[in-house]
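1. compute the structure for the input listed below.
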Amino acid sequence: MAADLAIQNLNDGGIEMDNKLRRIAKPFIAMIFIAVLSVSALAQNAHQSAIEKTSNKGGTHRAGILLLAHGGKQQWNAEVNKLAAQVNRTIPTEVAFGMATKRNIQSAIDRLVAREVTEIVAVPLFISSHSSVITSTQYLLGLRKDAPPELARYAKMDHGHGAHHTNHAGGAAFDPTTPVKSPLPIRMTAALDRHPLVADILLDRARHLSRKPSREVVIIVAHGPVSEDDNAGWLADMGALVERLRRASNFKRIEYLTVRDDAPEPIRGQATAQLRRMARRASNEGNRVLIVPLLLSYGGIEEGIRKRLEGLDYVISPQALLPDDRLAQWVLLMVEDLTKKT
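-> Next up is the predicted model:
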């Protein structure tokens, strides 16, 4: 019928067709008409899909990101907020600073709920998942059954008060050691760990310092945890990162360690001695020593590394992982990978 109508329009336009030509042209015109309808339908579906990805109307899925970060000095926090603003252009993002600080996590969740997301994805902007801060946060988010013993210590850091606080609005006491309240499902990704983008950034930091790679030793230095088990996890991930660096470069040698700032003596002293041995050995071999800290942002820990290396010959990267646009990319990739598993 559509083909007959199209042929009639041709005739009305002054293009005459005899019956034989009509019989030949009719199936071809019908095919063209069906193709036009199909393309139109596809375009409409694509448009609707794009709307659904950015809208919560009609019950469609819309994730929001709870960006977790340790927090530090003003400059440190500013870098994280800048990163969050980048990610927020694509997916609603709210930051919660602190070491498993429930008050800040709850506030960020409330802000995401107000932005009408349908699911919350927590992304820990931490160097390693091997941390009692991470396990404590998992408990607060309802992703872990038992509270780690360290959570009580972190709770005391909440505004420098004790474990319980009176709500400023005059409500019930606020307990920083119990899980948060959320009307939305919450999931959580891994931390930076051994992600390839982290290796790419570290390699760029080393290359920025480099003059003649074949006569240079790179030492990747991370803060590290207190416990031996967690430290083993840190070192395993750092080893995987360093393997990527070795395959992509021709430095004389690339080594790595954690300085374990928060660990008691003699652990901390042993880490300092190990770092100095690495740097001294490289110098004695006639190599330049390139120190590349595996830190999220500068704000104090790098000064401790410099102090540990006093009197030795080395150069240190002027920049940590931040600022770098690839970390915004990492956040989005982590959310995408997790939501694909739905």
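2. mind checking the SS state of the closest residue to R260 other than its chain neighbours?
-> In space, not counting the residues next to it along the chain, R260 is nearest to G224; the distance is 4.2 Å by CB to CB, 6 or more residues apart in numbering. C-betas here are computed from N, CA, C, even on glycine. Here G224 is recorded as coil under DSSP: H, G, I helix; E, B strand; the rest coil.
3. give the contact list for G224.
-> 231, 234, 257-261, 263, 271 (CB atoms under 8 Å, 6 or more residues apart in numbering).
4. what does Q75 give?
-> Q75 neighbours (CB under 8 Å, 6+ apart): 297-299.
5. tell me the buried residues within the residues you listed.
-> Buried residues within the contacts of Q75, defined by neighbour count using 16 or more other CB atoms under 10 Å: 297-299.
6. tell me the one of those residues nearest R326?
-> For the buried ones among the contacts of Q75, the residue nearest R326 by CB to CB is S297; the value is 14.0 Å.
7. pick out the lowest-pLDDT one from the contacts of G224.
-> Taken together, those show their lowest pLDDT at D261, with 91.
8. let me know the helix or strand that it is in.
-> For D261, there is no host helix or strand (DSSP states H and E).
9. what about the helices in the stretch 201-342 of the chain?
-> 228-247, 267-284, 301-308, 325-340 (DSSP state H, counting those that start in this stretch).
10. what would these look like in JSON lines with distance to A96 and mean neighbour count?
-> Formatted as JSON lines, the helices of the stretch 201-342 of the chain follow (distance: least, CB to CB, whole Å; neighbours: other CB atoms under 10 Å):
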{"stretch": "helix 228-247", "distance to A96": "22", "mean neighbour count": "17"}
{"stretch": "helix 267-284", "distance to A96": "29", "mean neighbour count": "16"}
{"stretch": "helix 301-308", "distance to A96": "21", "mean neighbour count": "16"}
{"stretch": "helix 325-340", "distance to A96": "14", "mean neighbour count": "16"}
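11. distance to L67 added to these, as JSON lines?
-> What follows is the helices of the stretch 201-342 of the chain, written out as JSON lines (distance: least, CB to CB, whole Å):
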{"stretch": "helix 228-247", "distance to L67": "20"}
{"stretch": "helix 267-284", "distance to L67": "30"}
{"stretch": "helix 301-308", "distance to L67": "20"}
{"stretch": "helix 325-340", "distance to L67": "7"}
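12. which one of the ones you listed lies nearest to V218?
-> Closest of the helices of the stretch 201-342 of the chain to V218 is helix 228-247, at 7.3 Å (criterion: CB to CB).
13. hang on, the earlier thing: nearest to K212, of the buried ones among the contacts of Q75?
-> Closest to K212, out of all of the buried ones among the contacts of Q75 and judged by CB to CB, is Y298, at 26.3 Å.
14. doesn't S297 make contact with E79?
-> Yes: assessed by CB atoms under 8 Å, E79 is found in contact with S297 at 4.6 Å.
15. joint contacts of the two?
-> Residues touching both E79 and S297 by CB under 8 Å, 6+ apart: 322-323.
16. tell me how many other residues crowd Y256.
-> By other CB atoms under 10 Å, the residues close to Y256 number 21.
17. contacts only, for it.
-> For Y256, counting by CB under 8 Å, 6+ apart, the contacting residues are 219-222, 235, 238-239, 241-242, 294.
18. export the residues you listed to CSV and tack on distance to G98 and pLDDT?
-> Converted to CSV, the contacts of Y256 look like this (distance: CB to CB, whole Å; pLDDT from 0 to 100):
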residue, distance to G98, pLDDT
I219, 30, 98
I220, 27, 98
V221, 24, 98
A222, 20, 97
L235, 26, 98
M238, 25, 98
G239, 29, 98
L241, 26, 98
V242, 30, 98
L294, 21, 98
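19. this completes my enquiry, with thanks.
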